[in-house]
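All I have is the shape, not the residue letters:
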Ligand SMILES: Nc1nc2c(ncn2[C@@H]2O[C@H](COP(=O)(O)OP(=O)(O)O[C@H]3O[C@H](CO)[C@@H](O)[C@H](O)[C@@H]3O)[C@@H](O)[C@H]2O)c(=O)[nH]1
Ligand SMILES: [Mg+2]
């Protein structure tokens with residue numbers, strides 16, 4: 001794929017990801033370099049106590065300030081607002097959102113881009129729940145939470161996408177900004193609301209099956225409060241959309 005006149009801003013929110021960050025950035029650089037496309041990686045660290053930001057600074061020295069952009073915040077303010085913060089600083093016309101813990105493999109990014117270009121889609125969403133997609137390494141409880149959240153969201157909101165709670169996606173930047181402007185949630189539920197808002201606005205969504213592998217280093221930040229917040233926001237969206 002030769003340079004296509006577009007620039008891709010890849011948002012990496014991090015909280016205690018010091019062991020994962022060098023590997024995920026190495027992989028992103030590898031696949032984006034091979035694609036020949038213009039890109040930047042924006043790391044949004046929320047004051048991780050494990051020193052993730054220091055690791056990010058070292059990586060910036062290795063790969064260059066034009067490739068690795070650091071936009072840290074002082075404390076853990078949540079995943080949804082981390083994306084919003086990153087988008088404000090993005091210089092690309094497309095935004096890729098990806099987890100930093102290696103659950104999302106960067107090899108799928110060029111696939112997202114190819115599909116987007118083919119149909120000029122507004123959003124390309126990675127999906128674990130269609131085609132060859134899948135989840136590996138999660139215990140029953142975590143699978144049940146994810147499936148349950150997806151199922152409830154599907155039934156209540158009918159947004160016509162197979163993976164509502166996944167967060168590996170490509171957006172046209174202006175589309176993402178419009179969706180965010182109408183978005184009420186702040187935490188993990190952000191992903192789901194984005195697709196609901198996208199449907200409301202009549203945006204097109206294409207899907208790429210992805211394999212999601214549970215993290216090896218570090219722990220998930222999804223806890224009870226996030227789940228309660230998800231349920232609250234789901235009901236709010238059900239009642240208002
Ligand atoms: N800056 C910042 N980053 C955060 C925060 N909370 C989490 N992150 C980062 O956001 C990414 C996802 O967090 P995880 O803790 O790994 O989430 P998960 O439990 O694996 O959940 C994943 O799957 C869910 C779907 O089943 C998704 O809903 C979720 O977005 C994520 O992709 C990681 O890169 C993590 O460091 C925060 O408050 N601030
Ligand atoms: Mg994870």
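Perfect, I can see it now. Treat the numbers as computed from the prediction; the structure is a model and nothing was measured. Ligands and ions are numbered 1, 2, ... in the order given.

contacts and neighbour counts: CA atoms only from here.
Fine.

Would you check how far apart the residue positioned nearest the centre of the chain and residue 217 are?
Taking Cα atoms, centre = their mean, the centroid of the chain lies closest to residue 97, which sits 3.0 Å from it. Distance, residue 97 to residue 217, using Cα to Cα, to the nearest Å: 20 Å.

Residues of the chain that sit close to ligand 1?
Residues of the chain found near ligand 1 (Cα under 6 Å from any ligand atom) are 13-17, 44-46, 76-79, 82, 99-101, 146, 165-167, 188, 220-222.

Looking at the residues you listed, which are in strands?
13-14, 44-45 (DSSP state E).

between the residues you listed, which is nearest residue 109?
Nearest to residue 109 among those: residue 13, at 16.4 Å, using Cα to Cα.

Count residues in the vicinity of that closest one, would you?
Neighbours of residue 13 under the rule other Cα atoms under 10 Å: 26.

what's the closest non-adjacent residue to it?
residue 44 (4.7 Å; Cα to Cα, 6 or more residues apart in numbering).

Could you list the low-pLDDT ranges of the chain?
Along the chain, the parts satisfying pLDDT under 70 run over 1-2.

now the helices: where do they sit in it?
Taking DSSP state H as the test, the helices found in the chain are 21-35, 52-63, 79-89, 108-119, 140-157, 173-181, 190-200, 224-240.

Comparing these, which comes out most buried?
Of all these, helix 190-200 carries the top mean neighbour count, a mean of 22, counting by mean count of other Cα atoms under 10 Å.

what distance separates that helix from the middle of the whole chain?
Averaging C-alpha positions (Cα atoms, centre = their mean, to the nearest Å) puts helix 190-200 13 Å from its chain's average.

if we look at that helix, which residues are touching it?
Where contact means Cα atoms under 8 Å, 6 or more residues apart in numbering, the residues beyond helix 190-200 that reach it are 79-80, 153, 157, 159, 161, 164-167, 175-176, 179-180, 182-183, 185, 204, 237.

Wait, the residue nearest to the centre of the chain touches residue 11, no?
Yes. Under the criterion of Cα atoms under 8 Å, residue 97 makes contact with residue 11 at 5.1 Å.

Can you get me a residue count around the closest residue to residue 50 other than its chain neighbours?
Spatial nearest neighbour of residue 50, chain neighbours left out: residue 16 (5.5 Å); criterion: Cα to Cα, 6+ apart. A count of nearby residues for residue 16, using other Cα under 10 Å, gives 23.

thought residue 16 was touching residue 44?
No. Taking contacts as Cα under 8 Å, residue 16 lies outside contact range of residue 44: 11.5 Å.

Not counting stretch 207-216 itself, show me its contacts.
Under Cα under 8 Å, 6+ apart, the answer for stretch 207-216 is 101-105, 108, 111-112, 124-138, 161.

residue contacts, the nearest residue to residue 201 once chain neighbours are set aside?
Sequence neighbours aside, residue 179 is the residue nearest to residue 201 in space, at 7.9 Å (criterion: Cα to Cα, 6+ apart). Each residue near residue 179 by Cα under 8 Å, 6+ apart is listed here: 194, 197-198, 201.
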